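K.L.:
The following comprises the amino acid sequence and a computationally predicted model.
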Amino acid sequence: MTTRVAIAAPHVAGVDAARAVTGRGGGALDAVIAAAAALTVAYPHQCSVGGDLVAVVRPAGGAPRAVLSVGAAPAGLDVGGLRAAGPRMPPGGPLSVTVPGCVAGWAAVHRLGARLDLAELVAPAVELARRGVGVSAGLARAISRRSAVVEADPGLSALLLDDAGRPRGLGTPITQPALAATLTAVGAGWRTFYTGAVGARLVAGLRELGCPLTTDDMASHAAEDGPALCRDALGATWSVAPPPSQGASLLAMLRSDGDRLTTARRAELARDTLLGDPRGGPIDVAGLLLEREPAGTPVAPGPRPPGTPSPSRPWTTRVPRSR
């Protein structure tokens, strides 16, 4: 029996993977996991097993759930050294690496009602990595924008540059046998990514580059599954993930009272002041939702004043206090 599922993805490979697993009896959750895995192959500049996962899921007949699989910073990270180096987290490099939550997030979504085994869901991605997939327009732009980073990294340069050191052109197929092997291992038992051979290999490679991540850091990771934040607005019910996600800011902007632009600016200021990781201390969710005026976030009557730097995504990295 084929289940009818609506899915959107930034690359056709994600849709094709979803179609393949629904054709074998998978449902919506199977489709989204298969698509996510395929995108780590076809759209690696935006989706990666080395990243995190935030998802809102509504199980059949149930209330919306939020899956948050956001990895912590290494327990041995020199926080004082980072603070002394500047007011912001480094945008890249070994000290910016946190525990990758993506794979544990797939498993958490799978537990909410997927029908097929994880091995079946990553199979289209494995085949894609082995067979090869053409460089997309988005990936080509990303390679061009970050050319210095790509050239300096032996793994990235071997994958994304040709023998002459030029970026592989649009549509040029790239194969990823190492990623195929990793995804195969994840399908056979996802915990290997955190407590097995795959995790140990990742940690060893990162430590060679100066990252303080350890196998204990990897083993301590667990995805969180809890109620989503919801608000009725504009004739619909909107559901988002709670902090450390920025979802509450969207719900705040959907408030019906006041000028839309002013409300959006208030939501931005509340986010910049209040958003953090609830595992490191309480978060004022009511303030984020603008259900009350957050302390220290004055109302701004319009857009950010000219010349005021726009902040990038807030950093909410957690350093475990228990280790």
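P.N.:
Everything's here; your move.
K.L.:
Tell me how far G165 lies from S157.
P.N.:
8 Å (C-beta to C-beta, to the nearest Å). In this view, the C-beta of every residue, glycine as well, is placed from N, C-alpha and C.
K.L.:
which residues are in contact with both of these two?
P.N.:
The contact sets of G165 and S157 overlap at E151 (C-beta atoms under 8 Å, 6 or more residues apart in numbering).
K.L.:
which residues does D225 bridge with?
P.N.:
Beta bridges link D225 to V67, judged by DSSP bridges.
K.L.:
neighbours around it, how many?
P.N.:
D225 has 17 neighbours, counted by other C-beta atoms under 10 Å.
K.L.:
my read: it touches V67, true?
P.N.:
Yes: using C-beta atoms under 8 Å, D225 makes contact with V67 at a distance of 5.3 Å.
K.L.:
Quick one: neighbours of L206, just the number.
P.N.:
By other C-beta under 10 Å, neighbour count at L206 equals 17.
K.L.:
quick one, what contacts it?
P.N.:
Per C-beta under 8 Å, 6+ apart, neighbours of L206: P94, V97, L213.
K.L.:
do that again at 10 Å, thanks
P.N.:
Each residue near L206 by C-beta atoms under 10 Å, 6 or more residues apart in numbering is listed here: G50, P74, P94, V97, P212, L213, T214.
K.L.:
mind checking the end-to-end distance for stretch 15-30?
P.N.:
Start and end residues of stretch 15-30 are separated by 12 Å (C-alpha to C-alpha, to the nearest Å).
K.L.:
list the buried ones in that stretch?
P.N.:
Within stretch 15-30, the residues that count as buried by 16 or more other C-beta atoms under 10 Å are 15-22, 26-30.
K.L.:
Same question for stretch 148-155.
P.N.:
Under 16+ other C-beta under 10 Å, the buried positions of stretch 148-155 are V150.
K.L.:
can you check stretch 210-223 too?
P.N.:
C211, P212, L213, T214, T215, D217, M218, S220, H221, A223.
K.L.:
With distance to R201, pLDDT and secondary structure as extra columns, can I get those in JSON lines?
P.N.:
JSON lines is the format used below for the buried residues of stretch 210-223 (distance: C-beta to C-beta, whole Å; pLDDT from 0 to 100; DSSP: H, G, I helix; E, B strand; the rest coil):
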{"residue": "C211", "distance to R201": "14", "pLDDT": "96", "secondary structure": "coil"}
{"residue": "P212", "distance to R201": "17", "pLDDT": "97", "secondary structure": "coil"}
{"residue": "L213", "distance to R201": "12", "pLDDT": "97", "secondary structure": "coil"}
{"residue": "T214", "distance to R201": "13", "pLDDT": "98", "secondary structure": "coil"}
{"residue": "T215", "distance to R201": "10", "pLDDT": "97", "secondary structure": "helix"}
{"residue": "D217", "distance to R201": "15", "pLDDT": "97", "secondary structure": "helix"}
{"residue": "M218", "distance to R201": "11", "pLDDT": "98", "secondary structure": "helix"}
{"residue": "S220", "distance to R201": "18", "pLDDT": "97", "secondary structure": "coil"}
{"residue": "H221", "distance to R201": "16", "pLDDT": "97", "secondary structure": "coil"}
{"residue": "A223", "distance to R201": "21", "pLDDT": "97", "secondary structure": "coil"}
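K.L.:
Looking at the residues you listed, which is nearest L112?
P.N.:
A223 (10.9 Å; C-beta to C-beta).
K.L.:
ok, now which ones touch the closest one?
P.N.:
52-53, 55, 67-71, 101-109, 111.
K.L.:
Could you report the distance from it to S245?
P.N.:
In terms of C-beta to C-beta, A223 sits 13 Å off from S245.
K.L.:
okay, and the common contacts of the two?
P.N.:
In contact with both A223 and S245: A55, L68, V70, using C-beta under 10 Å, 6+ apart.
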